[in-house]
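Fold the following, please.
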Amino acid sequence: MELLDVEDTDLKEHRDIIQKLCRICGEKINLRKGYLNAKSVNDKELKETIFRAYNIDSISESCNVHPKKLCSKCVHRVHTLKTKFNKGNLDIMEFFESHFFMPHHPDCEYCSKVEKHSLKLKDLDAVMNNFGYEKVIAINTPVNVLRNFCLNEFINEYFVTKIRFVLFKDFSWKCYVYGLEASIHEMPNKFSSDDDLKLLISFLEVHDVCHGIGQFQDVIAHRLDLNPIFKDATIETSNMHQRIGQKEDYEFVRPKTCTFFKLKSKKTCEACQSYTKKIYVMRSRIGTKRSSTEADSHTNYRWLSHEEKNERMANIQAEKRNLARKLARWSTRIKEQIQTNGVSISDKEHDTFLDVLNKNDPKFDCETPQWLLWEQQKLAASKKDSRGMRWHPLILRWCISIYYTSPAAYKQISNTSLNFMKLPSISTLQKYSHFTKPMSGFNPDVIQRLIDETNVSTLHKILFYAFYIKLVKSFFDLADPVTPVIMFR
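Residues are numbered from 1 along each chain as shown. Take a look at the predicted model:
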């Protein structure tokens, strides 16, 4: 289906132009005997390999859209692929792509006056001469520099061009690295003088292709099952730097900000060098991350898969069996110690001991701070995780007072390794004491808090007065630690 209705003459001219191009690479066919003697895509020896490697069915393609000839380079390439296919060395078809031809339209690039010239090695001198760069040819041997820098298809094992420069007749240019468009920020968008080409040559002399970040196969393998694998980067394989392959083939990470060029004295570009720090952090987190299937994991079950839930349940059951064995072993040892080192007493002595214990039970009065501290210690000791403990406000005020009097003393008392007392952590105390950032002079947060506490509306005064009258019948001491805090909210 054509994009636009065009005249027959224009379509015939378009067909004559594209038939001089190669069906695979899209470049102009240059043969001494003429392009009519070039190999056809319907050749019996090449037809099957072309369809297998490039998925080109030349019989069903229109001659008004696609050419029917192949250049000498592509013929050589197809013969090489045929040999490798017969030996079974190549199985992945996604590695090979053919040139995309658009149907004829008013802005057709093949029929327009703006002709595209690719910087091929053999006609580089002619292109530069046509554009008036004769003087540059003799400076720094630019042809040799580009010849060493831009790999030809025959040099590359996988027939992929490493770097390709495309120069337009309006002096604009584009650069492609492994088929991806790259930008050189040091270069202008168009060549306006000989100095711009000299700048390009000097840039290529000191730069090389940035292949991305390697040596992180463990991080790539860990993140291959995640989606997205990397939010701001892509992964590439070692061969041809393609993005299609098996899991074990991915070896390189390329951030989206990669410039594709690096100084020859450095391993990667600045963007890749900066992104390497992030990958080191990922590797560190992978090494220190606790498994969500462990028995003491705090990961919620709704974030686990069915297999992870089964594994976590099996670990919990194994932990319970281990604790049961420990309990039975310690119970047996205690019974053995009692039988070996125990002292037998008579019934009369037994009654006397019970009477002494009952009469001297050290119970604290429920209105004393000692009772509150003892109850909080028992409650904290019963918690499996210290994060589940909710401390009484009086205990928090007491701990804050001790900490700001002597931080070293508080750290020594609350040391978990000594297990002397169960007290709130320093971070818990700071949540109550550091409600604002300290600063010199007047603190706006403190002043605003004083205003909020003193600015009591008339409605609040009436409610407080009614509440006070109600409390007259049953007076509560506000300093009484036993009184529930909820009654004063």
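
how about low-confidence regions in the stretch 151-300 of the chain?
Per-residue confidence for the stretch 151-300 of the chain (pLDDT under 70) gives these ranges: 151-170, 179, 193-194, 223-232, 235-249, 286-290.

where do the strands sit along it?
Assigned by DSSP state E, counting those that start in this stretch, the strands in the stretch 151-300 of the chain fall at 163-168, 173-177, 180-182, 207-209, 233-237, 250-255, 261-263.

hey, C-alpha coordinates of stretch 420-440 in CSV?
C-alpha atoms of stretch 420-440 as CSV (Å, rounded to 0.1, in the frame of the first residue of the first chain):
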residue,chain,number,x,y,z
PHE,A,420,21.1,-4.8,82.5
MET,A,421,17.9,-2.9,81.7
LYS,A,422,15.5,-2.6,78.9
LEU,A,423,15.3,1.1,77.9
PRO,A,424,14.3,3.0,74.8
SER,A,425,16.9,3.4,72.1
ILE,A,426,18.6,6.7,71.5
SER,A,427,16.8,7.1,68.1
THR,A,428,13.5,6.7,70.0
LEU,A,429,14.4,9.5,72.4
GLN,A,430,15.5,11.8,69.6
LYS,A,431,12.1,11.5,68.0
TYR,A,432,10.6,13.2,71.1
SER,A,433,13.5,15.7,71.8
HIS,A,434,14.4,16.7,68.2
PHE,A,435,11.1,18.0,67.1
THR,A,436,12.9,21.0,65.6
LYS,A,437,16.3,21.8,64.3
PRO,A,438,18.4,23.7,66.8
MET,A,439,19.6,27.2,65.8
SER,A,440,20.9,30.4,67.4
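
Give me the buried positions along that stretch.
Going by neighbour count (16 or more other CB atoms under 10 Å), the buried part of stretch 420-440 is 422-424, 428-429. For every residue, glycine as well, the C-beta is placed using N, CA and C.

Mind jotting down where the helices sit in the stretch 351-489 of the chain?
Along the stretch 351-489 of the chain, the segments classed as helices by DSSP state H, counting those that start in this stretch run 369-382, 393-405, 407-413, 426-433, 444-454, 458-473.

Let me have the buried residues of stretch 420-440 in CSV, extended by distance to residue 259.
Listed next are the buried residues of stretch 420-440 as CSV, based on distance: CB to CB, whole Å:
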residue, distance to residue 259
422, 57
423, 55
424, 52
428, 48
429, 50
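
looking at the helices of the stretch 351-489 of the chain, which is closest to residue 233?
Proximity to residue 233 (CB to CB) singles out helix 426-433 among these, at 35.0 Å.

Now do that closest one: which elements does it pack against?
helix 393-405 (3 or more CB pairs under 8 Å, 6 or more residues apart in numbering; DSSP states H and E).

Compute the inter-axis angle for the helix it packs on and helix 369-382.
Note on geometry: by axes from the mean of the first three to the mean of the last three CA atoms, to 10 degrees, helix 393-405 and helix 369-382 are set 90 degrees apart in direction.

And helix 393-405, what does it pack against?
helix 369-382, helix 407-413, helix 426-433.

What residue spans form the domains of the chain?
6-113, 121-237+244-286, 367-434, 444-478 (the TED database).

any idea which helix is longest in this structure?
Ranked by residue count under DSSP state H, the longest helix found in the chain is helix 306-341.

Pull out the buried residues from that one.
308, 311-312, 315.

What are the contacting residues of stretch 403-415?
399, 402, 418, 420-426, 429, 433 (CB atoms under 8 Å, 6 or more residues apart in numbering).

which one of the helices and strands packed on helix 393-405 lies closest to residue 274?
helix 426-433 (32.4 Å).

would a markdown table of the helices and strands packed on helix 393-405 with distance to residue 48 and mean pLDDT be doable?
Putting the helices and strands packed on helix 393-405 into a markdown table (distance: least, CB to CB, whole Å; pLDDT from 0 to 100) gives the following:
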| stretch | distance to residue 48 | mean pLDDT |
| --- | --- | --- |
| helix 369-382 | 78 | 89 |
| helix 407-413 | 80 | 91 |
| helix 426-433 | 72 | 88 |
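
Tell me which of the ones you listed sits nearest to residue 21.
Closest approach to residue 21 among these (CB to CB): helix 426-433, 70.9 Å.

what about the helices in the stretch 151-300 of the chain?
Going by DSSP H, counting those that start in this stretch, the stretch 151-300 of the chain shows helices at 194-206, 217-223, 270-288.

angle of the first one against strand 173-177?
What separates the directions of helix 194-206 and strand 173-177 is an angle of 10 degrees, with the same axes, to 10 degrees.

Between all of the buried residues of helix 306-341, which two are separated the most?
308 and 315 (10.4 Å).

what's the overlap in contacts for the two?
residue 293.

Give the helix, strand or coil label for residue 98.
coil (DSSP: H, G, I helix; E, B strand; the rest coil).

what's around the spatially closest residue to it that is not a sequence neighbour, how many residues?
Nearest non-adjacent residue to residue 98, counting by CB to CB, 6 or more residues apart in numbering: residue 54, 4.5 Å away. Neighbours of residue 54 under the rule other CB atoms under 10 Å: 19.

Please apply the same query to residue 346.
The tally of other residues near residue 346 (other CB under 10 Å) stands at 8.

Show the backbone phi and psi for it.
Here is the backbone geometry of residue 346 (degrees, to the nearest 10): phi -80, psi 170.

Next, work out how far apart it and residue 352 are.
9 Å (CB to CB, to the nearest Å).

What of residue 310?
Residue 310 is 58 Å from residue 352, by CB to CB.

How about residue 415?
41 Å.

that older thread, indicate which one of the helices of the stretch 151-300 of the chain is closest to residue 341.
Comparing these by CB to CB, helix 270-288 comes nearest, at 46.1 Å.

send the alpha carbons of that closest one over as CSV?
Extracted C-alpha coordinates of helix 270-288, given in CSV (Å, rounded to 0.1, in the frame of the first residue of the first chain):
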residue,chain,number,x,y,z
GLU,A,270,32.1,9.7,32.3
ALA,A,271,28.5,8.6,32.3
CYS,A,272,29.4,4.9,32.5
GLN,A,273,32.0,5.7,35.2
SER,A,274,29.4,7.5,37.3
TYR,A,275,26.8,4.7,36.8
THR,A,276,29.5,2.1,37.9
LYS,A,277,29.0,3.4,41.5
LYS,A,278,25.3,2.6,41.4
ILE,A,279,26.1,-1.0,40.3
TYR,A,280,28.6,-1.4,43.1
VAL,A,281,25.8,-0.3,45.5
MET,A,282,23.5,-2.9,43.9
ARG,A,283,26.1,-5.6,44.3
SER,A,284,26.5,-4.6,48.0
ARG,A,285,22.8,-4.8,48.6
ILE,A,286,22.5,-8.1,46.9
GLY,A,287,25.3,-9.5,49.2
THR,A,288,23.8,-8.2,52.4
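
Tell me the buried residues in it?
So, applying 16+ other CB under 10 Å, buried residues of helix 270-288: 271-272, 275-276, 278-279, 282.

coming back round to it: dump the helices of the stretch 151-300 of the chain to TSV, plus distance to residue 443.
Output for these, formatted as TSV (distance: least, CB to CB, whole Å):
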stretch	distance to residue 443
helix 194-206	56
helix 217-223	46
helix 270-288	37
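
Could you list the low-pLDDT ranges of the stretch 1-150 of the chain?
Scanning the stretch 1-150 of the chain for pLDDT under 70 picks out the ranges 1-10, 31-36, 88-96, 106-107, 112-150.

quick one: the helices in it?
Counting by DSSP H, counting those that start in this stretch, the helices of the stretch 1-150 of the chain are 8-18, 47-54, 72-87, 124-130, 134-137, 142-149.
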